[in-house]
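Undergrad: Sequence first, then the predicted structure:
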Amino acid sequence: MAKNNKEKDSGRKLELAKQITRQRKRMENTYNRFETAVLRVFRWISSWFDKVLFNPKYGKIVALVLACFLYSMINLTDRESNTTSMSMSQQIENIPISINYNSENYEIEVDYTTVKAQISGAAADILSVVSAKNYSVSADLTGLTEGTHTVTLTKNFSNRVTAYVEPSRISVTIKRKSTQQYDVTYDYINQDKMDDIYILDEPVFDATRVSIRTTREKLESIAMVKALIDVSGVTENFEQDAILVAYDQSGNKVDCDIIPNVIKANVNVSSPNKNVPVSFELNGALPEGKAISEVAADQEVVKIYGTDAVLSRIDSVACVIDAQSLTSESSRQVCQLTIPSGVKSPSVTKVNMEIKVVDAQSRTIEGVNLRYVNNYNGYAVNMEDSTIAVQVFGSEANISRISASDIYVYMDMANAELGENQQLPIYVQQDNYLVRYILPSDTVTVDVLAGSNNDPTGNYTEE
């Protein structure tokens with residue numbers, strides 16, 4: 001049975017091979033016939049072409065066809081050439097007017113400073129003129145005197161294009177210049193680009209007056225002439241050629257001739273500074289029965305910069321402590337320093353503090369001298385007792401160090417009048433932030449007399 005199956009498979013394969021062979025032979029025959037047909041057609045066309053081309057009978061027809069073909073090609077080339085040389089026009093805006101005049105002696109005003117031009121011509125020529133900016137417009141005022149004139153503009157364009165300018169004429173007013181002298185002041189510019197720690201002295205110029213040449217009308221409008229001194233990044237003395245600028249009363253620049261237009265300026269640069277202590281002040285009241293025993297700060301001295309006048313009136317920089325926030329025995333605060341007006345670039349602006357709070361104690365200090373201030377009328381004062389008792393509150397250690405000479409109590413005589421038993425207000429100077437002073441009364445009874453106070457005890461003296 002298996003042998004019969006194998007014989008059948010062999011027979012099928014043999015038959016398939018025979019079919020493939022027959023199909024390939026048919027395809028080869030078809031290709032050969034097609035190739036033969038194509039060659040016959042090609043030989044026929046070639047033979048016909050030879051007969052037409054070389055036969056005198058058809059020579060005229062061939063020549064006519066070739067002539068038409070050449071004419072078409074030449075005509076197409078001419079059209080392309082005409083397209084390239086085609087005329088066109090273009091407008092040019094904002095052409096500046098160059099004006100020729102005697103600027104040494106005259107000044108001019110014109111109604112137009114620019115014109116526009118319409119140019120026409122070959123596209124290539126226009127492109128060349130516009131891209132190269134090969135054009136100009138000018139006005140010649142030679143020979144004209146003071147007054148208003150109408151001047152025809154001269155256009156200067158390539159002769160390969162046609163140009164029309166608008167306007168073609170301008171109105172020109174000619175004014176004669178005059179000369180006048182002015183004092184020179186100065187301005188420092190770009191001070192924001194200079195470190196605040198530096199101070200600029202007044203500059204010294206090699207000339208303090210300059211001449212200005214312009215029309216009489218402009219001369220009368222000039223309010224000041226300033227030398228502009230650039231101080232960007234300066235840190236030491238310097239010398240500079242300062243540019244001069246004239247201004248009118250409104251601060252607008254005046255266009256004029258300044259002779260010379262720059263002057264040499266010498267400027268001294270300094271950096272005045274001073275070390276001052278940090279003074280502590282209390283803002284608000286401490287919790288009831290509490291007192292500050294000690295304040296430890298990471299900065300006790302601050303370097304401040306400013307002018308000598310500013311530094312001379314500053315003895316300390318204040319640090320304000322928020323008293324109401326001191327609720328625990330130890331408290332940490334960051335204090336923003338109160339920088340006095342006029343001070344530039346302090347070395348520090350904040351102080352870190354550790355504040356210790358304890359139970360408050362009190363002590364009464366007797367024999368504090370009573371002084372007076374604002375005795376404008378030179379009155380004499382008599383009183384039964386020239387001293388007063390002051391109650392002191394604070395930590396035990398701090399109040400134990402206070403003596404009568406440390407306390408300054410004074411009465412204000414600004415509104416005092418002559419007479420006996422006058423009630424004058426009294427005050428205590430609270431200059432120790434670690435303790436608090438309390439007076440027994442807000443006023444004191446005195447006799448106010450005419451004449452000087454010659455009290456030999458010296459317990460109260462005029463401050």
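TA: Happy to help now that I have it. Remember, it's a predicted structure, so these values are computed and weren't measured experimentally.
Undergrad: Please, where are all the helices along this structure?
TA: 2-54, 56-84, 123-132, 216-221, 308-312, 396-400 (DSSP state H).
Undergrad: Among those, show the one with the smallest mean pLDDT.
TA: Lowest mean pLDDT of the helices of the chain: helix 56-84, a mean of 58.
Undergrad: Who are the contact partners of residue 39?
TA: Contacts of residue 39 were listed using CB atoms under 8 Å, 6 or more residues apart in numbering, and none were found. Just so you know, the C-beta spots here come from the backbone N, C-alpha and C atoms, and that holds for glycine as well.
Undergrad: For the stretch 151-300 of the chain, just list every one of the strands.
TA: In the stretch 151-300 of the chain, the segments counted as strands under DSSP state E, counting those that start in this stretch are 154-157, 162-166, 169-176, 178-189, 199-200, 204-205, 209-214, 222-230, 238-248, 257-259, 262-267, 269-270, 273-283, 290-297.
Undergrad: Give me the helices and strands touching the last one, please.
TA: By that I understand strand 290-297. Other helices and strands packing on strand 290-297, by 3 or more CB pairs under 8 Å, 6 or more residues apart in numbering; DSSP states H and E, are strand 273-283, strand 317-322, strand 350-359, strand 387-394, helix 396-400.
Undergrad: what does the second one contact?
TA: Strand 317-322 has contacts (CB under 8 Å, 6+ apart) with 276-284, 292, 295, 297, 302, 304, 333, 335, 337-340, 346, 351, 353, 355, 433.
Undergrad: I'd like the distance from that strand to the chain centre, please.
TA: Relative to the mean C-alpha coordinate of its chain, strand 317-322 is positioned 35 Å out (CA atoms, centre = their mean, to the nearest Å).
Undergrad: before we move on, the earlier item: columns mean neighbour count on top of the helices and strands packed on strand 290-297, output as JSON lines?
TA: Shown next, in JSON lines, are the helices and strands packed on strand 290-297 (neighbours: other CB atoms under 10 Å):
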{"stretch": "strand 273-283", "mean neighbour count": "15"}
{"stretch": "strand 317-322", "mean neighbour count": "18"}
{"stretch": "strand 350-359", "mean neighbour count": "16"}
{"stretch": "strand 387-394", "mean neighbour count": "19"}
{"stretch": "helix 396-400", "mean neighbour count": "16"}
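Undergrad: Those into a markdown table, with extra columns for distance to residue 124?
TA: Output for these, formatted as a markdown table (distance: least, CB to CB, whole Å):
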| stretch | distance to residue 124 |
| --- | --- |
| strand 273-283 | 74 |
| strand 317-322 | 79 |
| strand 350-359 | 75 |
| strand 387-394 | 101 |
| helix 396-400 | 100 |
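Undergrad: Which among the ones you listed is found nearest to residue 267?
TA: strand 273-283 (19.3 Å; CB to CB).
Undergrad: ok, and what's touching that closest one?
TA: Applying CB under 8 Å, 6+ apart, the set of residues contacting strand 273-283 is 197, 292, 295, 297, 299-306, 311, 314-323, 337, 351, 433.
Undergrad: Buried among these? Make that a PyMOL selection.
TA: In PyMOL, selecting the buried portion of the contacts of strand 273-283, with burial taken from 16 or more other CB atoms under 10 Å, looks like this:
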select buried, resi 197+292+295+299+302+304+305+306+311+314+317+319+320+321+323+337+351+433
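Undergrad: picking that back up, of the strands of the stretch 151-300 of the chain, which is nearest residue 382?
TA: Between residue 382 and those, the tightest spacing by CB to CB is seen for strand 273-283, at 36.7 Å.
Undergrad: now the angle between strand 350-359 and that closest one, please.
TA: 40 degrees (axes from the mean of the first three to the mean of the last three CA atoms, to 10 degrees).
Undergrad: just the angle between strand 273-283 and strand 317-322, please?
TA: For strand 273-283 against strand 317-322, the angle between stretch directions is 20 degrees (the same axes, to 10 degrees).
Undergrad: neighbouring strands for strand 273-283, and are they parallel or not?
TA: strand 301-305 (antiparallel), strand 317-322 (parallel) (DSSP bridges).
Undergrad: what's the closest of those strands to residue 164?
TA: Ranking the strands paired with strand 273-283 by proximity to residue 164 (CB to CB) places strand 301-305 first, at 68.0 Å.
Undergrad: which residues are in contact with the closest one?
TA: The set of residues external to strand 301-305 that reach it, using CB under 8 Å, 6+ apart, is 196-197, 271-278, 311, 314, 317, 337, 339-340, 343-348.
Undergrad: about what we covered before: any chance of the strands paired with strand 273-283 in TSV, plus distance to residue 418 and mean pLDDT?
TA: Formatted as TSV, the entries for those read as follows, by distance: least, CB to CB, whole Å; pLDDT from 0 to 100:
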stretch	distance to residue 418	mean pLDDT
strand 301-305	47	93
strand 317-322	40	88
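Undergrad: can you redo those strands as a markdown table with distance to residue 155?
TA: As requested, the strands paired with strand 273-283 are arranged in a markdown table below (distance: least, CB to CB, whole Å):
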| stretch | distance to residue 155 |
| --- | --- |
| strand 301-305 | 64 |
| strand 317-322 | 74 |
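Undergrad: for the ones you listed, which one sits closest to residue 172?
TA: Shortest distance between residue 172 and the strands paired with strand 273-283, using CB to CB, is found for strand 301-305: 57.2 Å.
Undergrad: Pull the contacting residues for residue 205.
TA: For residue 205, the contacting residues are 184, 186, 227, 242, 263-266, taking CB under 8 Å, 6+ apart as the criterion.
Undergrad: could I get the strands of the stretch 151-300 of the chain as TSV with distance to residue 366?
TA: TSV is the format used below for the strands of the stretch 151-300 of the chain (distance: least, CB to CB, whole Å):
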stretch	distance to residue 366
strand 154-157	106
strand 162-166	103
strand 169-176	90
strand 178-189	60
strand 199-200	51
strand 204-205	63
strand 209-214	72
strand 222-230	65
strand 238-248	64
strand 257-259	77
strand 262-267	61
strand 269-270	52
strand 273-283	26
strand 290-297	21
